[in-house]
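# Let me see the structure of the following:
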Amino acid sequence: MKSRRLRCGSWFLGRVALLSSIFSFLFSISLPAQGKKEIADLLVSGATVVTMDADRRIIEDGAVAVKGDAIVALGPRLEIERKYAGTQVINARGKLMLPGFINGHTHVPMTLLRGLKDDVTLEEWLTKSIFPAEAKNVTEDFVRWGTRLAAAEQIRGGVTTFADMYYFEDAVAEETKAAGMRGVLGESILDFPAPDNKSNAAMLDYTEKFLKRWQGDPLIHAAAAPHSIYTCSQRTLQDSAALARKYHAPILIHVGETKRELNDSREKNGTTPVQYLDKLGILGPDLVAAHCIFVDEADRKLLAQRQAGCVHNPSSNMMLASGVSPVPELRAAGVAVGLGTDGPAGSNNDLDLMEEMDLAAKLQKITRMDPRALGAKAVVEMATIEGAKALHMEKEIGSLETGKKADLILIGLDAPNAVPMYDVYSQLAYALKSSDVETVVIAGRVVMRDKKVLTVDEAAAIAKAREYKNKIEASLK
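Numbers count the residues shown, from 1 in each chain. Modelled structure (predicted):
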C-alpha cells in the first residue's frame, strides 16, 4: 500500500514537473515576443512636436514613427521608442518638429527672372517686362533649371508642398518629383500664345495629356490653371474647368487680385470676379483662388458656400501695391485661407514662406491699426493645416497625425534669434527664420538633413541660373 502511494506521488510530482517545464518554456518564448519592437522606416524623436491637429496639441519630448510615406505613430518619445525601432533614426532633441509648410501659390520657374524688373505696377510688370522676357527665353530647359533652383530654395525653407502655375508644367512635375517634393501643378491656359503652346486648343490638349499622365501619382497632383478672368474668355474658363473635372483635378486661378480686375469685371460681366466665376459654374470645392483681395461680403459667403480655397500672398500684394486681402473676414466666413509667396520675380523675389507668415500677421495689424487683427497662431495655421484645406488636401497633409503623409520639418532652436522661447506660435511667426530649418522629410524621405539638401544639385542649379541671367539680359537689348 505504502509503495503504491509512493508510486502515485511520484507520478503526480512528475506531471507537475512536466507542466512546470512546459509553462516555463512558453513563458520564456513569450517574453521576447512581448518586448519585440515594431520596425519603422524612420524614427524622429526628442523634438517639441507642434502637431497642428484639431486640438493643436504640442508634445514636449515627442516622437514620430514613419512607415513608407505615412506616419504610423506619434506621441511622447518614451512611449513611441518603447514600441518602435527605426531603420533610420533622427535625434531631434532641442528642436521643433512641424508639418511641412505649404506654399499655396507660386510660379517656380520664374526664379530665373528674379529681380528682372521691380517697383512697377502689376500691369506694367507683366506686359512690358515679364511677357516679353518669357516669350524670348522660356523653353523646357529654362523651366527645368528654374524648378530645380526653386525646389532647393523651398526645401531649405521647410516647404514640402507647393501649388504652381506656369508653362511646360509636365517638366515642372518631373523636376518636382525628382526633388522629392509634393506639388499641385497647373498648366497655364490663356487666350493668347504662350511659350509652350501657341493656341488655346493646343493648351487644352497639352493640359489633358498632362492630367492623364500624372493621375494617381503619390506626389504630383496635376491641375488645370486658367490664368484669370481677364486673360481667359468665358468659353476658355468653362472648357478649362470641364477638363479638370473630367479628371477630378484641381483648378488653379488668380481671383480678385487688383482693383482694375474688379472694375473691369463689373463693367464687362456686371458683377465681381467671384460672382462671375460662380455664374459660370466654376466656383467649387476643387478650385484654388489665388489672392482674393477684392472680395466683398457676398463674395466671401459664396467662396465659403462653394468650399473654394483662397491663398493669401502678402509679399506680392505689398510689392505690387495690389491691396490687402480681408483675411480675418474670409476666415470668419468659413473660407480656408492658405499662404503663398507668388512668383519669385517682381512680385516677391523669394520663396520664403516663413517670411510670409510674419508679413501676413503684421500687414493686417497695421492696415487695421489693431495688433489683434491676425495673430501668430493663425498665420502658422495658414502655413500648415489651413493651407492644406485651401488646396483641398487636408486629409493627406497639413498636420502631424497618424495616417497622414510623413511631411515634416525640424527647426533648430540654438541660434540667437531663437531664444528664449515663451510661446511656440509667436516664435515661429515673428522670430524664427527659414534659415533655421535644419531637416526636411517629405513622404517619409529625408530630402534635407542638417541643412544639406540631398535631392537637388544646388551648385549646378546656381551656376545655370547665372548663365541664364546673361542670356536673358542679352535677349532684351
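# Point out where the stretch 1-150 of the chain drops to low pLDDT.
When the per-residue scores of the stretch 1-150 of the chain are filtered using pLDDT under 70, the ranges that remain are 1-35.
# Tell me where it has strands.
In the stretch 1-150 of the chain, the segments counted as strands under DSSP state E, counting those that start in this stretch are 38-50, 58-67, 70-76, 84-91, 95-99, 101-106.
# Determine which stretch of these is the most buried.
strand 101-106 (a mean of 31; mean count of other CB atoms under 10 Å). No exception for glycine: its C-beta is placed from N, CA and C like everyone else's.
# From the contact counts, what lies against that strand?
The helices and strands touching strand 101-106, judged by 3 or more CB pairs under 8 Å, 6 or more residues apart in numbering; DSSP states H and E, are strand 159-166, strand 287-291, strand 309-312, strand 337-339, helix 353-368, helix 385-390.
# of all these, which gets the most neighbours per residue?
Sort these by mean neighbour count, taking mean count of other CB under 10 Å, and strand 309-312 sits at the top with a mean of 31.
# Please enumerate residues in contact with the next helix or strand after it?
Tracing the chain C-terminally past strand 309-312 and defining elements by DSSP states H and E, one meets helix 314-319 next. Surrounding helix 314-319, the residues in contact under the criterion CB atoms under 8 Å, 6 or more residues apart in numbering are 118, 257, 291, 293, 322-325, 339-343, 346-350, 355-356, 359-360, 363.
# go again using 6 Å as the cut-off
Applying CB atoms under 6 Å, 6 or more residues apart in numbering, the set of residues contacting helix 314-319 from outside is 342, 347-348, 356, 359-360, 363.
# Which single one of the residues you listed is nearest to residue 403?
For the contacts of helix 314-319, the minimum distance to residue 403 (CB to CB) is 28.2 Å, reached by residue 356.
# what sits against the closest one?
By CB under 6 Å, 6+ apart, residue 356 lies in contact with 314, 339, 341.
# cool, residue 338 as well?
Counting by CB under 6 Å, 6+ apart, residue 338 touches 104, 311, 382, 386-387, 390.
# who's in contact with residue 244?
Neighbour list for residue 244: 224, 251 [criterion: CB under 6 Å, 6+ apart].
# thinking again about what came up before, which one among the contacts of residue 356 gets closest to residue 137?
The shortest gap between residue 137 and any of the contacts of residue 356 belongs to residue 341, at 21.6 Å (CB to CB).
# For residue 211, what is the enclosing helix or strand?
Element membership of residue 211, judged by DSSP H and E, is helix 200-213.
# separation between the residue nearest to residue 312 when sequence neighbours are not counted and residue 447?
Residue nearest to residue 312 in three dimensions, not counting chain neighbours: residue 325, with 5.0 Å by CB to CB, 6 or more residues apart in numbering. Plainly put, residue 325 is 31 Å away from residue 447 if you go by CB to CB, to the nearest Å.
# ok, those two, which is more surrounded?
Of the pair residue 325 and residue 447, residue 325 is the one with more neighbours under other CB atoms under 10 Å, namely 25 against 22.
# which element is that one on?
Taking DSSP H and E as the criterion, residue 325 maps to no regular element, lying outside all helices and strands.
# Can you give me every residue that contacts it?
292-293, 312.
# sec struct for residue 410, please.
Put simply, residue 410 is strand when judged by DSSP: H, G, I helix; E, B strand; the rest coil.
# Pull the number of nearby residues for it.
Considering only other CB under 10 Å, residue 410 is surrounded by 24 other residues.
# so it makes contact with residue 440?
No. Assessed by CB atoms under 6 Å, residue 410 is found out of contact with residue 440, at 7.8 Å.
# Need the strands of the stretch 1-150 of the chain in TSV (columns: distance to residue 417).
TSV is the format used below for the strands of the stretch 1-150 of the chain (distance: least, CB to CB, whole Å):
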stretch	distance to residue 417
strand 38-50	17
strand 58-67	20
strand 70-76	28
strand 84-91	23
strand 95-99	13
strand 101-106	18
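# measure residue 409 to residue 163 for me?
Shown here: residue 409 relative to residue 163, a distance of 18 Å by CB to CB.
# circling back: for the helices and strands packed on strand 101-106, which one sits closest to residue 457?
Of all those, strand 159-166 sits nearest to residue 457, with 18.6 Å by CB to CB.
# how far is that closest one from where the chain is centred?
The chain centroid and the centroid of strand 159-166 are separated by 7 Å under CA atoms, centre = their mean, to the nearest Å.
# And for stretch 278-289?
Taking CA atoms, centre = their mean, one finds stretch 278-289 lying 21 Å from the centre of the chain it belongs to.
# Could you export that stretch as CSV, CA atoms only?
Provided in CSV are the C-alpha atoms of stretch 278-289 (Å, rounded to 0.1, in the frame of the first residue of the first chain):
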residue,chain,number,x,y,z
ASP,A,278,-19.9,81.2,-59.8
LYS,A,279,-22.3,82.2,-62.5
LEU,A,280,-20.2,80.2,-65.0
GLY,A,281,-20.4,77.2,-62.7
ILE,A,282,-16.6,77.2,-62.0
LEU,A,283,-16.6,78.1,-58.3
GLY,A,284,-16.5,74.8,-56.3
PRO,A,285,-14.6,72.5,-53.8
ASP,A,286,-11.9,71.8,-56.4
LEU,A,287,-11.0,75.5,-57.0
VAL,A,288,-8.0,77.3,-55.5
ALA,A,289,-8.3,81.1,-55.8
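# I figured residue 168 hits residue 142, correct?
No. Under the criterion of CB under 6 Å, residue 168 is not in contact with residue 142, lying 8.2 Å apart.
# Who has more neighbours out of the two?
Neighbour totals were compared for residue 168 and residue 142, and residue 168 leads with 26 against 23 (other CB under 10 Å).
# now the helices for the stretch 101-250 of the chain?
With helices called from DSSP state H, counting those that start in this stretch, the stretch 101-250 of the chain shows them at 122-124, 131-137, 140-156, 169-178, 200-213, 234-246.
# Single out the most deeply packed of those.
Neighbour counts averaged per stretch over those are highest for helix 140-156, at a mean of 25; criterion: mean count of other CB under 10 Å.
# Summarise which helices and strands it is packed against.
Using 3 or more CB pairs under 6 Å, 6 or more residues apart in numbering; DSSP states H and E as the contact test, the elements touching helix 140-156 are helix 169-178, helix 458-475.
# State the distance from residue 234 to residue 189.
Using CB to CB, which is the criterion applied here, residue 234 is 13 Å from residue 189.
# cool, residue 197 as well?
Taken as CB to CB, the spacing of residue 197 relative to residue 189 amounts to 9 Å.
# Looking at these two, which is more packed in?
The residue with more neighbours, out of residue 197 and residue 189, is residue 189; 27 against 20, by other CB under 10 Å.
# With that, I have no additional questions.
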